[in-house]
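A.B. asks: one predicted model, sequence on top.
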Amino acid sequence: MNQEISANTTAAPAQKRQSNIELLRIITMIMIVAHHFSVHGNFDFPINTVTINRLWIQFIQIGGKIGVDVFVLISGYFLITADSLKINKAIKMWIQIFTYSVLIYVLFVILRPTPFSAKDLVKNALPITYDRWWFASGYFVLYLLSPFINKAIRSFDRTTYLQMLALMTFCWCIIPTFLYETWECNDLLWFIYLYLISGYIRLHAKESTITGRTYLLVSGFLILLTFGSAVVFDFLGLRLPFFGMNATFFYEMHQIPIVLISITMFLGFSKIKMPYIPAINLISATTFGVYLIHDNRYVRPFLWRHIFRNAAFAEDRLLIPYSIVVVLLVFIVCSLIELIRIHVLENQYMKLIDWLCVTLSREGSSQTPGYVKSMTALYNRFHRQ
């Protein structure tokens, strides 16, 4: 959730990034951490009672899938105009994912909460292939496909583009909302759908007179409305257990309410006039790392069940302030760890990777191997057509 998500909100790459979208990334990552506090905290509220604590856990749960959809929307908006794949950025993303996958596994093996396994070592050394983080794997493949998606959709006129989005919305959004089934959709296809929505906004949407504040008010209203559906289902569940067991039915990332919340939230922040604020941009650069650290498959149960012992506070009157403190603490600590990784490791090896990518991309260079020149020429020729 970092890389191209942190693209400039202005056209000129030399200008400093405005901080409106960067602030959105921070807020949505905090929402994702709160979601994980809720769903991975081992809470087991009885469906025959409705308590403030149960409602609070359901309330903070709503932000997770909103955060996922918003991050992909941001990426699509800025990537849609890219003509080619930036190899150095793809390598940068892969190394970041690889570093956390291997280092966290090794750390847990050394500290002995996790037994060593050669099979697990291989899986953690190939984190995209073995889907160590579902979002990271899907987003990495989306990034690789983005220049080809861009080239394809630029051949569409506005009507054709809308027709395609309408069909995707029916199959992958409307049907899941009412039937909880999709027509052959997976995480990658869903990311492509969101990518195309924000791409349409960038390429074809007419300038709107609706203010950012209005979009955010609509987004907030939809959040309350969606949470309200969970409350209604909770009370219906007192008599009909089916509703209580499915109280958060409308919380999934494919559901119409979550998609509308995500789009209006993105549009709202995109219209906010905010100058470059170094602190916000610095923190926003760590958001993908925050995700990789706290939602690692080894860290996740250790964090929520052993360190913070979320479930022990299920009936505690301090659950609400406790959850807020814990979520912010996890975000801050993970952000600091990611900043250290960036400055100690990434800033060093990316100098070499950037230099190699520039060198190997020079067609006709005597230092470039023949097969590299041929592949580069073929790739460039394809993107000029």
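C.D. replies: Cool, the structure landed. Numbering: from 1, shown residues only.
A.B. asks: OK, contacts around residue 351?
C.D. replies: If a contact means CB atoms under 8 Å, 6 or more residues apart in numbering, then residue 351 has no contacts. For every residue, glycine as well, the C-beta is placed using N, CA and C.
A.B. asks: check which helix or strand covers it.
C.D. replies: Applying DSSP states H and E as the criterion places residue 351 in helix 347-360.
A.B. asks: same question, residue 201
C.D. replies: Assigned by DSSP H and E, residue 201 belongs to helix 187-203.
A.B. asks: which strands or helices does the next helix or strand after that helix pack on?
C.D. replies: Sequence order places helix 212-236 as the next helix or strand after helix 187-203, per DSSP H and E. On a contact count with 3 or more CB pairs under 8 Å, 6 or more residues apart in numbering; DSSP states H and E, helix 212-236 meets helix 52-61, helix 241-245, helix 256-270.
A.B. asks: ok, and what's touching helix 212-236?
C.D. replies: 47, 50, 54-55, 58-59, 62, 66, 243-244, 246-251, 257-258, 260-261, 264-265, 267-272.
A.B. asks: what angle do it and helix 52-61 make?
C.D. replies: 140 degrees (axes from the mean of the first three to the mean of the last three CA atoms, to 10 degrees).
A.B. asks: how far does helix 212-236 sit from its chain's centre?
C.D. replies: With CA atoms, centre = their mean, to the nearest Å as the basis, helix 212-236 stands 21 Å off its chain's centre.
A.B. asks: just want the angle from it to helix 256-270.
C.D. replies: 160 degrees.
A.B. asks: looking at helix 212-236 now, give me its mean pLDDT.
C.D. replies: For helix 212-236, the mean pLDDT works out to 97.
A.B. asks: returning to what we had before: can you list the helices and strands packed on helix 212-236 in a markdown table and add distance to residue 186 and mean pLDDT?
C.D. replies: Below are these laid out as a markdown table (distance: least, CB to CB, whole Å; pLDDT from 0 to 100):
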| stretch | distance to residue 186 | mean pLDDT |
| --- | --- | --- |
| helix 52-61 | 22 | 97 |
| helix 241-245 | 25 | 92 |
| helix 256-270 | 17 | 97 |
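A.B. asks: highest mean neighbour count out of the ones you listed?
C.D. replies: Greatest average neighbour count among those goes to helix 256-270 (a mean of 23), per mean count of other CB atoms under 10 Å.
A.B. asks: helices or strands next to that helix in the packing?
C.D. replies: Packed next to helix 256-270, using 3+ CB pairs under 8 Å, 6+ apart, are helix 20-39, helix 63-79, helix 187-203, helix 212-236.
A.B. asks: among the ones you listed, which is the most enclosed?
C.D. replies: Comparing the helices and strands packed on helix 256-270 by mean count of other CB under 10 Å gives helix 63-79 as most buried, with a mean of 26.
A.B. asks: just the buried residues of the following helix or strand past that one, please?
C.D. replies: Next along the chain after helix 63-79, taking DSSP H and E as the criterion, comes helix 87-110. Across helix 87-110, burial judged by 16 or more other CB atoms under 10 Å covers 88-93, 96-102, 104-105, 108-109.
A.B. asks: ok, now stretch 338-346?
C.D. replies: 338, 341, 342, 346.
A.B. asks: how much space separates residue 175 from residue 318?
C.D. replies: Distance of residue 175 to residue 318, given as CB to CB, to the nearest Å: 42 Å.
A.B. asks: next: residue 232.
C.D. replies: Residue 232 is 27 Å from residue 318, by CB to CB.
A.B. asks: so residue 256 touches residue 170, yeah?
C.D. replies: No - the pair residue 256 / residue 170 is not scored as a contact, 11.1 Å apart, by CB atoms under 8 Å.
A.B. asks: which residues are common contacts for the two?
C.D. replies: Common contact partners of residue 256 and residue 170 (CB under 8 Å, 6+ apart): none.
A.B. asks: quick check: which ranges of the chain have low pLDDT?
C.D. replies: 1-16, 363-385 (pLDDT under 70).
A.B. asks: rerun that using 80 as the cut-off
C.D. replies: 1-18, 180-182, 359-385 (pLDDT under 80).
A.B. asks: residue 143 reaches residue 82, doesn't it?
C.D. replies: No - applying CB under 8 Å as the test, residue 143 and residue 82 come out as separate, 9.8 Å apart.
A.B. asks: and these two? which has more neighbours close in?
C.D. replies: More neighbours surround residue 143 than the other of residue 143 and residue 82, with 23 against 15 (other CB atoms under 10 Å).
A.B. asks: that one: which element?
C.D. replies: Taking DSSP H and E as the definition, one finds residue 143 inside helix 134-153.
A.B. asks: got the angle for that helix vs helix 63-79?
C.D. replies: 30 degrees.
A.B. asks: how about residues contacting whatever helix or strand comes next after helix 134-153?
C.D. replies: Next along the chain after helix 134-153, taking DSSP H and E as the criterion, comes helix 158-169. The contact list for helix 158-169, computed with CB under 8 Å, 6+ apart, reads 153, 156, 193, 196, 197, 200, 203, 204.
A.B. asks: how many neighbours does the first one have?
C.D. replies: If I follow you right, that is residue 153. For residue 153, the neighbour count with other CB under 10 Å is 18.
A.B. asks: run a quick neighbour tally on residue 156.
C.D. replies: Neighbour number of residue 156 under other CB under 10 Å is 16.
A.B. asks: again with the one 10 residues further on
C.D. replies: The number of residues packed around residue 166, counting by other CB under 10 Å, is 11.
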